[in-house]
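*Asks:* this one's sequence-less:
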């Protein structure tokens with residue numbers, strides 16, 4: 001298998017203001033290749049398929065084991081993690097592109113800070129008053145822990161936002177990831193103290209009413225988080241609070 005080759009077609013862009021272009025690279029095949037390891041090889045010897053020296057590809061990666069979420073990109077048109085995308089299971093030429101719904105930084109790297117702004121908007125955290133020892137917190141039942149655990153597996157990869165038809169500049173939709181985190185922290189005995197503020201945040205522009213229930217998010221999630229279940233449950237909480245607020249006026 002020494003003469004077997006792997007071909008990559010990579011979309012490149014120097015900075016947000018320049019136009020994009022495509023470059024092709026060819027690597028020797030070896031067992032266990034994935035997209036990230038291939039990008040590392042290209043970085044070590046950035047020469048295109050036609051023999052021209054170029055610059056190393058810019059991309060994000062960290063853990064290399066589908067935990068950090070940073071290496072998400074479009075691989076053959078599908079949003080997925082590059083570290084777990086095995087070359088032997090991909091059609092060639094392997095086409096690599098940056099996410100299309102986030103500001104480009106360079107090449108395959110994009111600015112996904114909108115997710116973290118959305119998480120701040122919905123207060124996706126457990127509030128703690130001070131840094132001193134507060135003693136044991138409220139207990140959670142085993143059933144509640146089992147329901148919450150899958151939601152805690154979110155790796156902030158933004159795949160769900162990339163494939164969502166409602167996530168765009170026109171709607172400002174917060175996306176499935178943020179909504180699922182609202183469900184997670186509302187279910188926490190201490191986190192529930194901010195439930196009203198979280199649900200109020202989802203009533204405004206870009207809130208849960210923007211969801212079209214396309215279900216693309218749950219299909220693409222690399223951690224198999226039950227995103228549509230989260231959206232349904234949080235939508236019910238939002239509606240209940242909205243009706244309650246209406247009658248209190």
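*Replies:* Good, I have the coordinates. Quick caveat, the model's predicted, so the values are computed rather than measured. Numbering: from 1, shown residues only.
*Asks:* every contact and neighbour count from this point should use C-alpha atoms.
*Replies:* Noted.
*Asks:* quick check: residue 80 is in a strand.
*Replies:* Yes. Under DSSP: H, G, I helix; E, B strand; the rest coil, residue 80 falls within a strand.
*Asks:* surely it is in contact with residue 69?
*Replies:* No. In terms of CA atoms under 8 Å, residue 80 does not count as a neighbour of residue 69; the distance is 9.5 Å.
*Asks:* contact partners of stretch 184-193?
*Replies:* Contacting residues not belonging to stretch 184-193 are listed as 124-127, 137-140, 144, 148, 151-152, 194-195 [CA atoms under 8 Å, 6 or more residues apart in numbering].
*Asks:* please repeat the previous calculation with a cut-off of 10 Å.
*Replies:* 122-128, 137-140, 144-145, 147-152, 178, 180-183, 194-196, 198-199, 230, 234, 237 (CA atoms under 10 Å, 6 or more residues apart in numbering).
*Asks:* check which residues of that stretch are buried.
*Replies:* The neighbour-count criterion (16 or more other CA atoms under 10 Å) identifies 184-188, 190-192 as the buried residues of stretch 184-193.
*Asks:* end to end, how far does that stretch reach?
*Replies:* Counting by CA to CA, to the nearest Å, you get 13 Å between the two ends of stretch 184-193.
*Asks:* distance check, the residue most central in space within the chain against residue 71.
*Replies:* The residue at the geometric middle of the chain, judged as the C-alpha nearest the mean C-alpha position with CA atoms, centre = their mean, is residue 158 (1.8 Å). Computed with CA to CA, the distance linking residue 158 and residue 71 is 10 Å.
*Asks:* overlap in contacts of those two?
*Replies:* Residues touching both residue 158 and residue 71 (CA under 10 Å, 6+ apart) are residue 80.
*Asks:* how close does residue 43 sit to residue 53?
*Replies:* 11 Å.
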